[in-house]
Structures are given as C-alpha cells and as structure tokens.
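Student: Prediction below, plus the sequence it came from.
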There are 2 protein chains.
Amino acid sequence: MNEPIDIADKLSQFSDHWSPKVIARLNDYEIKAVKLKGEFVWHTHEDTDELFLVIDGELTIQLRDGDVTLKPGQLYVVPRGVEHCPVADGEVHALLIEPTGVVNTGDAGGELTASYDDSLG
Amino acid sequence: MNEPIDIADKLSQFSDHWSPKVIARLNDYEIKAVKLKGEFVWHTHEDTDELFLVIDGELTIQLRDGDVTLKPGQLYVVPRGVEHCPVADGEVHALLIEPTGVVNTGDAGGELTASYDDSLG
C-alpha cells in the first residue's frame, strides 16, 4: 500500500494502440495511460472535457478550427462538444484524464472503440 | 487559441512555494502547477481525493500509516479524508489535480493557506 504510481512502468506493461488503461482514480475521474500511433477517428464527447498530457513523442490533436501539437510535458484539454481527431506519426505515450466511463471514440463508435481496461489500475 | 499548455513554461513563471497556480481546467476540476520546498502542514481534504504528479525533484507525502516518495513521472492520489503532510528536502515541481476551489491546507488552515491564483490559467 501507499506505493507511488510510475507512469513509465505502467506504459511498459502494454503495447497496443488506442486502448487506454486506467492507472489511477481521482474521485469519479480516471487517469489512463495510452499509446497512440496513426490517425484515430473524428469524434466528440458531448458531456465532458478530455485532458491529454503527452509523456513521449509528438501528438497532434486535429480540431475543426485548427490543430494543436503536443510535445512531452505539454497538455491540452479538448472542451466538451468539440469534435477532435488525434493523430501521431510516430508512437506517442500519453495520459488521458476524464470522468469514469468515457469511451474513447465518443459519439463515433466503430472498430477503434476500446474495451474498458483497468487491469493496471 | 488552440495552444498547448507547457508545464515547464508555466513553472518558470513563478518561484513561490506552496502556492498552487491554476494552469488548466477540466470540467469542474483544476490542474495546478506548484513548487514545494520544506515541510507543509498536516491536513485533510474531507470531501475530495487529491492527485500529486511530480515533474522535478523528490517529494515525500507523509501519511499516518506510511510515507510515499514520488520521483519525476510518478503520481499518487491521496484519498479523501486521509491526513497527509508533503515534505520536500530540495525544491519539487509538481502538478496537483483536484476539484475547483480546494484549499491547499484543507481543514488545517494557518499561514501556509494560499490564495486562489488562476493568473496562469
């Protein structure tokens, strides 16, 4: 008990892309580690903001009114209701923070929809 | 608009200790940058968990049932109602994530109680 949560250690325990893993909980929010590569799908979370914090690599969050590019140590909060599509030329390691139960593909669904995974949490 | 938030840049803009600065908002939560040095005060947040993520330096979170020491890239969530007291021998740079309006000294109050500061947010 009372052990720190090491982000790099959590990231070392999986290799699949676009499949966030819960690593910690904060009230009714979850902190998820995720690896991203390639282009995701345009989608919206109607009911919540979504925080991206890049740990390694370079992530572009495409938005309809202009892209945001995040390097390690940079974060961005996609506001609720704002359509977005992450894209990573190389592999990106990142944290996501959002309320419990948010589905990665939001309103879009489809084959990139990840199962809930708290095996590392 | 649509600019990334650079954690190191935000941390470079202040030097005071134990005085968290809001750098981003996520729904009704705030992401705060903070510099810590020395020993804080034992206190409890009765209504919320509190997330510490260390960016630089080494932070010990003293807990009544055992300390947690965090290095860069490590995080810990102090559960609501759990008395804790951060201590940093050297300067520590960290992020705090918690609901809007949480006061740094919780139930303890006293001279280390910080004013709300969203001048960097």
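Tutor: Happy to help now that I have it.

Student: With adjacent residues omitted, what lies nearest to A:Ile55?
Tutor: A:His93 (4.3 Å; Cβ to Cβ, 6 or more residues apart in numbering or on different chains). In this view, the C-beta of every residue, glycine as well, is placed from N, C-alpha and C.

Student: buried residues in the helix or strand hosting that neighbour?
Tutor: For A:His93, the host element (DSSP states H and E) is strand A:84-99. For strand A:84-99, a neighbour-count test (16 or more other Cβ atoms under 10 Å in any protein chain shown) marks A:84-88, A:92-99 as buried.

Student: before we move on, what about stretch A:104-113?
Tutor: A:Asn104, A:Thr105, A:Gly106, A:Ala108, A:Leu112.

Student: Could you identify the most distant pair in the residues you listed?
Tutor: With Cβ to Cβ as the measure, no two of the buried residues of stretch A:104-113 lie farther apart than A:Gly106 and A:Leu112, at 10.8 Å.

Student: For chain A, which segments are assigned as strands?
Tutor: With strands called from DSSP state E, chain A shows them at A:5-6, A:21-26, A:29-39, A:50-56, A:59-63, A:68-70, A:74-78, A:84-99.

Student: In terms of secondary structure, what does the last one contact?
Tutor: Other elements packing on strand A:84-99 under the criterion 3 or more Cβ pairs under 8 Å, 6 or more residues apart in numbering or on different chains; DSSP states H and E are strand A:29-39, strand A:50-56, strand A:59-63.

Student: ok, now which ones touch the residue nearest to the spatial centre of chain A?
Tutor: In chain A, the centroid-proximal residue (Cα atoms, centre = their mean) is A:Leu96; its distance is 3.8 Å. By Cβ atoms under 8 Å, 6 or more residues apart in numbering or on different chains, the contact set of A:Leu96 is A:Pro20, A:Ile31, A:Lys32, A:Val34, A:Glu50, A:Leu51, A:Phe52, A:Leu53.

Student: and of those residues, the nearest to A:Tyr116?
Tutor: After measuring the contacts of A:Leu96 against A:Tyr116 - Cβ to Cβ - the closest member comes out as A:Pro20, at 9.0 Å.

Student: And the closest residue to the closest one other than its chain neighbours, what's its pLDDT?
Tutor: Leaving out its chain neighbours, the residue that sits closest to A:Pro20 by Cβ to Cβ, 6+ apart is A:Lys32, at 3.7 Å. Note on A:Lys32: pLDDT of 98.
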